[in-house]
Every structure is written in structure tokens, then in C-alpha cells.
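J.: Sequence and predicted structure, then a few things I'm wondering about:
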Amino acid sequence: MSNEEILHEKPLVVHESDHASHEHHKQSFISKYIFSQDHKMISRQFLVTGIIWAVIGGLFSVIFRLQLGFPDQTFPILEDLFGHWAQGGRLDPEFYYALVTMHGTILVFFVLTAGLSGTFSNYLIPLQIGARDMASPFLNMLSYWFFFAASIVMFSSLFLTTGPASGGWTIYPPLSALGDAMDGSKSGMDFWLASMALFIISTLLGGLNYITTILNMRTKGMFMTRLPLTIWAFLFTAILGVLTFPVLLSAVVLLLFDRHLGTSFYLSDIVINGKILPNQGGSPILFQHLFWFLGHPEVYIIALPAMGITSEVISTNSRKPIFGYMAMVGSFFAIAILSFLVWAHHMFVSGLNPFLGSFFVLFTLLIAVPSAIKVFNWLTTLWKGNIHFTPAMLFAIGFVSLFISGGLTGIWLGNSTLDLHLHDTYFVIAHFHLVMGVASMFGMFAGIYHWYPKMFGRFMNNTLSYMHFWTTFIGAYLIFWPMHYEGLAGMPRRYYDFSNWESFKMFAGLNTFISIVAMIVFAAQFLFIFNFFYSIYKGRKLTEKNKNPWAGTTMEWTTPIHPPHGNWIGEIPEVYRWPYDYGKDGRDYIPQTEPIGAEEKQH
Amino acid sequence: METAIAQTKTKMWAGGRSPFNVSYGKLMMWYFLISDSFTFGAFLISYGSIRFSLNNWVDHNYVFNKFPFTEANLPLAFVSLMTFILIMSSVTMVLAVHEGHKMNQKGVEKWLALTILGGLAFLSCQAWEWTHLITHQHEVLVDGVLQHWGTTVSHNPWGPEVMYKGHMVATPGPVAFGGYFFGITGFHGFHVFSGVVINSIMLIKTKKGDFSKRGHYEMVEKAGLYWHFVDLVWVFVFLCFYLI
């Protein structure tokens, strides 16, 4: 019996087969493009939604960088755009907080979680393991639509009179729990919580599908040890999501209760506007524990897919097997386990018992080991490779560079003694933007440039891609490198204006410089966006001869140029080898679907 | 080169089949339950951390001592009945799944109906218990004045007793009790409610003959997994709120 007969209650119907009688199965516009159950379409939906969110989130950073870079100037256009939020062309302080909060929320959850993992887990899992679709295409579709609903709720919160949530993306109570505390804690906060609840359902449905599909639906011969590293990365990402997002759900539910039902989970002994609140016995630190139990694995939910994509792209474009395949898998596993044991390193200054803190320091520093293993494996894969500098490859190498630069400062921050000084400064901003923000964006770009021909059957323009890469890469360093120095000098994050502080006045010029680069880098992203959408319709087409443009070994390149729902016409190919047979026995590459030859060397 | 051991391994993990010999649906249900247990785990751990940060808590023998239609002092009797009902509904669920394996549609219908009944009975009990706690007023000494409080998320009349005008009167207890009690039992009750809805859908589908046409009752089995999980969670909730 074949895979799908065992695993599905009814066999999947493969549309657009070679039988003429099946022609009338043509899907309607709605079932093909909107309520599609095809993992490839759902992936593209995640991608396009993610791009829209990235533009919004990026734009917010440009707007608040205007304030930080030019604190004494006014920009009348801001008043035209935002009305009373920017009276006289100067950002309202509360609006500034709203922008910072939404920038974080949007980029962390909507772009780098849903946009990255949603796109590539959906696209690559069935194609690379040799499955017709996800285990449950229906739940997969729901996963996107819950994400869409979460997006709508979050987007609407931007238009509330009292503004969106503005207590920081970590929404710490009591600030976020009390509507009287500030405008941003009024209905904007409820929208944030409702949106996040929907988002958690989306992640859950997606994650369950990814895990089940990878374990249950591999084609014949696809041992777990023959999975491309992308798939391993998506597997661990999904496991982290399924185990940690429910804890955020608990945190969100309790916060909602505190906001509306008069409970005291996070609240105790608070005086607000001269009034003593009746809430007793709760603990705001409890929220921090619950939040960071998700929050820390969340950064690996963001980083692991980028690592997987990078591994795949680097190996393919170095024309060499990935160095240390099992070490890569092992380090994914180690990172996944350790990520559950480090959450309180975000809380060293919260009054955490220093004795407890020492354990979190230890585990945090231990993460450096698997991370370093990965970095060395990427570098040794590149070593003496026949490197093809495709745009995807540049972004993958860029990922490695940024991951090293940002990762090294993680060792500083993981030490509680150093963290006491660096906590909540621009040093932290620089660290996490490099190591998981920009780096994961680079992983995402690498993935898009690499799999674009598979996704849309056309190529993107190379010149625009190279311009995009170099501006973004150089810009990222110019923006975030100087922030390390600001942070070391103690410049705190989330401040609206530094000109009142004698000790930070010296950074005024640097802040202006950062803001200008940020604007240039933001503008450069439109090279990508134009390239992306233009190439869908006008890009150079793949030909039957060139349908595996990067000469990859993995299974997705064995499908037709435009794979139908069901991916392969006829039988799913069998797999006979691991996915990294590059430069073996004098051959450039050997696809996974090619049987081991009689003369072939065995590993 | 392949050895015999490698070949048995081949069978399990070589692809082209489920390594666990289960359908995707059952696997997904198991992973969902693991995920959901983290939600409950987070709630219960939060509860524990807050409760043990406080100087006193309520005496459950005293708070949960009422039974409907009687004024007798019966500590924990009612919640024991609730627990018994829920565990019995797990037994009937097992029997429904068992009849499903035998493809006995009538049997599945009977035991599913009883399971739904058990779930509804549990929810009714919970409704009574909540109503009783919220509406039943107790004397509390607040700032030197006697007041009458029910047990809510913002009022706890079960604090330590003090001598007042010749008799013992309770003082306000930690409000965290109401928050966690209603929050967690409510969240669990919501799960029971969803379970009842799911089981009802299963009953309707069984009656329509959907599963006998399909040739197996796997969906009933999946609903059963969920139902047993909800029962298991109750055991922990029971332990943490009524016994410890």
C-alpha cells in the first residue's frame, strides 16, 4: 500500500493529471488562490502577508528613527499622516512607544515567525520529504486563516483612537494590565491579546501539521537521516512552537482576566492616579516567567528555519556536501533542548535570586557550543568549495556573518554580572537585531531567492538582487554596530529623547547617522519587493532543461516546473541517498532519487 | 551490507509509512494534547508559585463542604462525586471506542450518549459549585466592620479567624484563591464543554452511519483521546485545589 492510502481516510486526488477526463476538475479562483488547501499556495499566502507586515513593521522603525535621529526637528508630513499622534510634526511620546511596541510585535511574530516558518515549512516540507501535501491540508489552511485573522485584529488596533498596545513587545504588567496607566493599555492592549491568541492557534495548527507530516509522510527511502537540514530545522522549530506558545496563551489569558475580571494574577499593591487598587498578592514577575518561557524559545523559532535554509543554500552553492551533517542535527537538538532552560536570562535585573541566576547563566553560555558547531560547519562547508555567488548564497553567507557578530555579544549578555550593566541598553538592541532580527531576515531572503524559481517558475532579476544584498548587508552593520558603543555607555533602549542627558548627548550625531542608514536600508527593501512582484509576471521563465537551476539534489527539483496539487504526476519518486551528494565520484551532483550505483563509493 | 537489525529499522523509519503505525490524525491529537498540557501546566505552576508566596491559603475542608439539598457538613463530598462522574465518563468512552473496534454502531451510540451525559452532569455540578461559592455569603471582618462576602475573584471570605465580640470571625483571605480557582476550573470546564460538543458531533456522525460506511471508528478514538486527557487534567486540578 502506498503512503497516502495508509495515512489518509480517502486517497488524495491529483488534479491536472495526464488524463483528459480529469480536466473538469479545474479549481475555481476561490479554491485555488484564497481558500486553498495546497501547501504551496498556503506558503505563498504566508509569504505575501509576511512581506506586507515587514513593510509596515519596517516603516514604523523608520518613523521612530526620525525621532531618535532628529529629536529637535519637526516633520510636518508626520502630522498629515498621523494627525494628533504627531502634532506639529513631532511624534507624540505615547505614539513613539506604540511604534516601538508594534515594530517588535510585528517583526517577531508576524514576519519572522509566521512569515518565515509559515512560508518555508509549508513550502518545503512536503516537497523535500516527498509527500503529496501536509498531513492535514484542511488544518493547514485554517492555520493560515487564523494568522490572517490575527493580522486583521492587530492591524485594526493601529486605528484605535487610543492607539495600539504600547507597553513594549513584551507587554509587561502592571503597565499592560491597567487601562488607567496609559492610552496604549486601553483597548489597544485587548486587541493585542486577542490577536496573539489567534496567532497562537495558527502556530499550533501549523506546528502540529509540520511535525506529523515530517514524521509520518516521508516517501519510501527517506530515512530521518536523509532529510535535508531545512526539514530538521523546521521539525525542531515546530516542536518548540507547539511546546512554548501554549504557555504564552496561559499568560495572555491570565492578563485578560486581570484586565477585565478584577483578578490579581500579576497585580499587587498598586497606586494609580492617587487611588489604591484592591488587587493583592499577584506578581508581575510571574508574567515575565510565563512570557519568557515562550519568549526565549521564540528566538530559536525565528533562528532555526534561517539556519536550516542557510545550511541548504551554502551546501548547494559550494557544490560540496554539508560538513558534519549529524553534528548539525545534533546541534539543532541541543539548541532546542537548551532553549527551554535559559528563559530567566531575560530577567537578571528583575530581582531574580542570584543563585538561581547562575544556573541560567550556565545554560545560556552552553548554547554557545551548538551554535559554534553550526558556524564552524558552515565555514568548513564553504572551505575550498566551488562557490557560486548567487543572491541566495550571498544572503546565506551574510546570515553566517551576522550570526557570528550578534552571537558573540550574546556571551556578554548571558553573564548576569555584565547583564546588570547592559540590560535594556542599546547593546541588547544591537545584539538581538544582528543575531536573530537581521540574520533571520537574511535567512528568509536566502530562502526566497533560492526557491523563488520553484515557487513561481521564473527567476528574479540578479542585478536588483545584488544591489539589495549589498545595501542591506552593509547597512545592517552600519546601523547596529555603533549601537554596541552606545549601549556600553549605558544608553537605555525605548527612550524617546536623549538630548536631556549629558552622558548621551555625545551620541546625537551617531543617532542621526544610524537613522539615515536605516532609511536607506528601508528604501533598499523596495528593490526586493519590486523584484519579487515584477518577476512573478515578467521574470525569465524556467525551461524544462533548466528546471533545477541551482543543480540541487533535493526532491523539490524533481517535480514539474509548476507542480500541481499533489506535487508529482504519477508515483512519488523513491529516495536512495542523503541530500548532500555534491562533487561525488567526479559528478557535480547526484539527486536523492537516483539509486546507488554498483561502482559507487559508500560512505 | 544491511544487517538484520538495520532491516527492521528500515521498516519503521525508512519512509513510505508511519514509523509509529498510526494515522496522521491520531499523531496530531497526541501532539496537541502535549501542547495543551503545557497550557495547563503553566496555569498550575503559576498557581503554585503564587500560593506558596503567600502566608496563608484557604482550608479546603471548610470551603468545599457543602452538598446540594442538605446543610450537613460534608467536606469534599461533592467534588468527590464530580470526580467520580468524570472518571465514569472516561470508562464509558473506553467502552464506546471498544464497540467501535468491533464495528458495533448501536454500542458506540449507547456509550457515547452516556459519555455526553456524564460530561453534562459534571458541568452541571460545576455550575452548582460555582454558584454556591459566589452567592453564598459569609461573615468577614473588614477593617473592624462585619461584612458579608461571597467567594469571587476579588473577595475571599476564608482568611484566618479572629476573635470578634465573643465569637470567631473570618478575615479577608488572599484574593488569588478566587482568581486561580475560577480561572483554572473554568478553563478546565471549557475543555469539558468542548469535549461534550466534540462527542455530540461524533454521536451524530455515528447515528448517520458515517463511520460504518468509512469502515472504522477512528474519529471516535481521537475524540476519546481528548476526553481522557480532559479527565487526566481534572485529576491534577482536583489534587491542586481540593487536596493539597
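T.: Done, it's in.
J.: Helices of the stretch 201-350 of chain A, residue ranges please.
T.: A:229-260, A:284-318, A:325-338 (DSSP state H, counting those that start in this stretch).
J.: measure B:S35 to A:I231 for me?
T.: Distance of B:S35 to A:I231, given as C-beta to C-beta, to the nearest Å: 21 Å. The way it works is simple: take the backbone N, C-alpha and C, and place the C-beta from them, glycine included.
J.: Tabulate the helices of the stretch 201-350 of chain A (TSV), appending mean pLDDT.
T.: Compiled in TSV, these are given as follows (pLDDT from 0 to 100):
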stretch	mean pLDDT
helix A:229-260	96
helix A:284-318	96
helix A:325-338	97
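J.: Redo those as a markdown table? Include mean neighbour count and distance to A:N353.
T.: Formatted as a markdown table, the helices of the stretch 201-350 of chain A follow (neighbours: other C-beta atoms under 10 Å in any protein chain shown; distance: least, C-beta to C-beta, whole Å):
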| stretch | mean neighbour count | distance to A:N353 |
| --- | --- | --- |
| helix A:229-260 | 24 | 21 |
| helix A:284-318 | 25 | 11 |
| helix A:325-338 | 18 | 21 |
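J.: Out of those helices, which is closest to B:V94?
T.: helix A:229-260 (26.7 Å; C-beta to C-beta).
J.: which other helices and strands contact that closest one?
T.: Applying 3 or more C-beta pairs under 8 Å, 6 or more residues apart in numbering or on different chains; DSSP states H and E, one finds that helix A:229-260 contacts helix A:119-129, helix A:187-216, helix A:284-318, helix A:325-338, helix B:24-51, helix B:176-207.
J.: who wins for proximity to A:V100 among those helices?
T.: helix A:187-216 (13.4 Å).
J.: Would that closest one count as contacting chain B?
T.: Yes. Helix A:187-216 reaches chain B (C-beta under 8 Å from any C-beta of the partner chain) through A:204, A:207-209, A:211-213, A:215-216.
J.: Farthest-apart pair in these, please.
T.: A:L204 and A:N216 (17.7 Å).
J.: Please identify which of those two sits among more neighbours.
T.: Legend: neighbour count by other C-beta atoms under 10 Å in any protein chain shown for A:L204 and A:N216, higher for A:N216 (26 against 23).
J.: Please name the nearest non-neighbouring residue to that one.
T.: Nearest non-adjacent residue to A:N216, counting by C-beta to C-beta, 6 or more residues apart in numbering or on different chains: B:S18, 4.5 Å away.
J.: so that neighbour, which of the three states?
T.: coil (DSSP: H, G, I helix; E, B strand; the rest coil).
J.: and what of A:A523?
T.: helix.
J.: Tell me the predicted confidence for it.
T.: In this prediction, A:A523 carries a pLDDT score of 97.
J.: What are the boundaries of the strands in chain B?
T.: For chain B, the strands defined by DSSP state E occupy B:138-142, B:145-149, B:161-164, B:167-170.
J.: Deepest-packed of these, please.
T.: With neighbours taken as mean count of other C-beta atoms under 10 Å in any protein chain shown, the strands of chain B reach their highest mean count in strand B:138-142, at a mean of 17.
J.: on that earlier part again, most neighbours among the residues of helix A:187-216 next to chain B, please name it.
T.: Busiest of these [other C-beta under 10 Å] is A:T213, holding 30 neighbours.
J.: can you count the residues close to the closest residue to that one other than its chain neighbours?
T.: Closest residue to A:T213 apart from its sequence neighbours, by C-beta to C-beta, 6+ apart: A:A135 at 4.6 Å. The number of residues packed near A:A135 is 27, by other C-beta under 10 Å.
J.: Where does A:A135 sit: helix, strand or coil?
T.: A:A135 is classified as coil under three-state DSSP.
J.: can you pull the pLDDT of it?
T.: Reported pLDDT for A:A135: 94.
J.: right, and it touches A:N216 too?
T.: Yes. Under the criterion of C-beta atoms under 8 Å, A:A135 makes contact with A:N216 at 6.1 Å.
J.: In the stretch 251-400 of chain A, what residue lies closest to chain B?
T.: A:T263 (3.6 Å; C-beta to the nearest C-beta).
J.: Contacts only, for the closest residue to that residue other than its chain neighbours.
T.: Closest residue to A:T263 apart from its sequence neighbours, by C-beta to C-beta, 6+ apart: B:G179 at 3.6 Å. Each residue near B:G179 by C-beta atoms under 8 Å, 6 or more residues apart in numbering or on different chains is listed here: A:257, A:263-265, A:282, B:153.
J.: Give me the number of neighbouring residues for A:T161.
T.: By other C-beta under 10 Å, the residues close to A:T161 number 9.
J.: Oops, could you answer that again for A:T105 instead?
T.: A:T105: 26 neighbours (other C-beta under 10 Å).
J.: residue contacts, it?
T.: Per C-beta under 8 Å, 6+ apart, neighbours of A:T105: A:154, A:165, A:169, A:192.
J.: do A:H345 as well
T.: A:296, A:357, A:360-361, A:364, A:413-414, A:416, A:419.
J.: So what's the residue count around residue 47?
T.: Assuming you mean chain A. Neighbours of A:L47 (other C-beta under 10 Å): 23.
J.: please go with chain B instead
T.: 22.
J.: quick one: it from B:I184, how far?
T.: To B:I184, B:Y47 is 6 Å away according to C-beta to C-beta.
J.: now swap in A:L68 and tell me
T.: With C-beta to C-beta as the criterion, A:L68 and B:I184 are 44 Å apart.
J.: residues touching A:I520, list them.
T.: Counting by C-beta under 8 Å, 6+ apart, A:I520 touches A:471, A:475.
J.: Give me the buried positions along the helix or strand hosting it.
T.: In this structure, A:I520 sits in helix A:508-538 according to DSSP states H and E. Neighbour-count burial for helix A:508-538, counted by 16 or more other C-beta atoms under 10 Å in any protein chain shown, picks out A:508, A:510-512, A:514-515, A:517-519, A:521-522, A:524-525, A:527-528, A:531-532, A:535-536.
J.: Stretch B:39-49 now?
T.: B:39-47.
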